[in-house]
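In: Could you work out the structure for the sequence below:
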Amino acid sequence: MGCLGHGWRIFSLVAACILALSVAASATTYYIDYAAGSDSNSGTSTAAPWQHMPGMHGCIATCAKTTPKAGDSFILKGGVTWPNAAFPITWSWSGTSSAPIYIGVDQTWYTGSSWSRPIFNAGGKPISGSKNEFIWSPSVSYVTWDNIEMTGLNWSTSYAYGHLACGYFAETTYVTLSNWYVHGWSHTGGVTTDGFICVIGYGGSTASPGDLITHMVFDGSDSITGGTSGAMIYVWPSVTYSICHDVPDCLLLAGDGEVAYNLIYNINADFDAATHADAIQLNADDGRPFYIHDNVIHDVNIGEPMFLGTPRGLPAHTVYVWNNVLYNLYNDVAFNLDARYGNWTGYYFNNTATGTGGGRNGTGNCFQIDSAAYTVTLFIENNHCITTGALHNIASMAPLDPVTEKGNVTMTPTEAAAAGYSATQTYVYSPTSSNCSGQSHCPVGAGTNLASMATGALAILQSDTTYACTQNAANQSVCPSRTSNRRSASSAWDAGAYLYSAGGAAPAAPKGLTAVVH
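Out: Okay, here's the model as predicted:
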């Protein structure tokens, strides 16, 4: 039996390798060009492209007869526009972990003088049918949608949940949305309800493991009234290296995942008079941890910069929140520790938060609980809080468990300004002096060494070298731009999101970075 088992394992391994090679060999690359293609073409070369891709409204002939397979690629010609009549795309095909399906670009194939993203343009009017969205693709796995510009979405009536979006991806696993540029949406006809969410996930009894948004730009500044409608995501687990601005809501999370290196700003009131807006909020949970780090959030003009807690009726969870910088906050509260609906645990360490600037007077608590119906176990360590209020209001909120707090530094706005901390620095609210110009409350060297936490998923504490991201206006790309608060067992720990650079210099940017189109 032992020999038979060993032989069977070898046979299984060989069979798996043969299968993987056969999938790779059978994978096909298809080319799509709305301007010059024909669905009667083979679609397998740039000389004979389709006009539509499978699942796209209007796909006929050879396009309609083709069934996408694991490992296939669908290349949209750069610089070409697909109009309202080409949507929605109803996509129901999955790849595999070893052979995902890719829908995106080849930057050597484009129209015009240089490459630019292919464009999905709804033309400022609703997309026909019950689904006013570019992509409808629930319950699929291992599919990547890459490098698409989306514009012109419009709604003139209220739609059912999930039917007004850039894409609907409920019950998916390992779906990646990368390098999207979304802008220029509008509402007309006197509609009084917002309802526009760019990316919708989750939607069922379980979260969406492996789903990722990365390098996305969600820009409401050229939408109608310049930023009073729309949300970037709803119930999605992981978002990295992305930018969201001039909207009422950005990242409404679900499940478990990583939210890191994002830039979020100009959170505004919604035109439909909804009063609760958020930069980052947890909406659904599966009980596994969230890791939220190295984000920059500023000019939150209404609502909450970071609203994390256990959503109603869902399991307890743990969040790890570190190296975030939050400033110019309307209500002077950076972290809302929601205790209304369930027990949870939060680790908040090495964050910098201030309410000063833009008419905000820095009088609120950096950590705030408004009600405490349930128990929240909190570790608040090494944070730099700039306020005339307090670090937190937790002591007064029974029956909350005692909070573990150490290494935190609270400065008044006056003290912070005297020490060189300001929103006009290249690296906002970063230390300019090892002794804070003689201030008694100084974040440099005041933190507690937390290197013992740097295990498992938190090993990033020792290896992380990037911090947030910036937006390249010319091509709407994002790239890392800042050094992180990297720590090791032997180095000194500062309070706040920065590790002071010796010699009086601000944290240095990484060398050799250039803005690129991803």
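In: What sits closest to the most centrally placed residue in the chain if chain neighbours are left out?
Out: Among the residues of the chain, the one closest to the centroid is Val239, at 2.8 Å (C-alpha atoms, centre = their mean). Across the structure, with C-beta to C-beta, 6 or more residues apart in numbering as the measure, the residue nearest Val239 apart from its sequence neighbours is Ile213 (4.6 Å). Every residue, glycine included, has its C-beta placed from N, CA and C.
In: Spit out the contact partners of that neighbour.
Out: Thr176, Leu177, Ser178, Trp180, Val199, Ile233, Trp236, Ser238, Val239, Thr240, Ser242 (C-beta atoms under 8 Å, 6 or more residues apart in numbering).
In: and the last one, how far is that from Cys250?
Out: Spelled out, that is Ser242. With distances taken as C-beta to C-beta, to the nearest Å, Ser242 is found 9 Å from Cys250.
In: shared neighbours, those two?
Out: Overlap between the neighbourhoods of Ser242 and Cys250 consists of Phe218, Met232, taking contacts as C-beta under 8 Å, 6+ apart.
In: Figure out how far stretch 277-291 is from the centre of its chain.
Out: Taking C-alpha atoms, centre = their mean, to the nearest Å, the mean C-alpha location of stretch 277-291 is offset from the chain mean by 12 Å.
In: which parts of it are buried?
Out: In terms of neighbour count (16 or more other C-beta atoms under 10 Å), stretch 277-291 has its buried residues at 277-286, 289-291.
In: That one spans what distance, first to last residue?
Out: End-to-end distance of stretch 277-291: 21 Å, with C-alpha to C-alpha, to the nearest Å as the criterion.
In: pLDDT (mean, whole number) over it?
Out: For stretch 277-291, the per-residue pLDDT values average out at 86.
In: Please apply the same query to stretch 102-110.
Out: Stretch 102-110 comes out at a mean pLDDT of 98.
In: Convert the C-alpha atoms of it to PDB, please.
Out: Taking Å, rounded to 0.1, in the frame of the first residue of the first chain, the C-alpha atoms of stretch 102-110 are listed here in PDB:
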ATOM      1  CA  TYR A 102      -7.300  38.600 -18.200                       C
ATOM      2  CA  ILE A 103      -9.400  41.500 -19.600                       C
ATOM      3  CA  GLY A 104      -7.200  44.500 -20.300                       C
ATOM      4  CA  VAL A 105      -4.600  45.900 -22.500                       C
ATOM      5  CA  ASP A 106      -1.400  45.400 -24.500                       C
ATOM      6  CA  GLN A 107       0.300  48.800 -24.500                       C
ATOM      7  CA  THR A 108       1.900  48.200 -27.900                       C
ATOM      8  CA  TRP A 109      -1.600  48.200 -29.500                       C
ATOM      9  CA  TYR A 110      -3.400  51.500 -29.600                       C
END
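In: Pull out the buried positions in that stretch.
Out: Residues of stretch 102-110 classed as buried under the neighbour-count rule (16+ other C-beta under 10 Å) are Tyr102, Ile103, Gly104, Val105, Asp106, Trp109, Tyr110.
In: quick one on the thing from earlier: quick check, the residue nearest to Val239 in a strand?
Out: Yes - with DSSP: H, G, I helix; E, B strand; the rest coil as the criterion, Ile213 is located in a strand.
In: gap between it and Met232?
Out: The separation that Ile213 has from Met232, given C-beta to C-beta, amounts to 8 Å.
In: try Gly184
Out: If you measure Gly184 against Met232 using C-beta to C-beta, the figure is 15 Å.
In: Could you name the specific helix or strand carrying the nearest residue to Ser156 once chain neighbours are set aside?
Out: Using C-beta to C-beta, 6+ apart and skipping the chain neighbours, the partner closest in space to Ser156 is Gly189 (3.5 Å). Using DSSP states H and E, Gly189 is not contained in any helix or strand.
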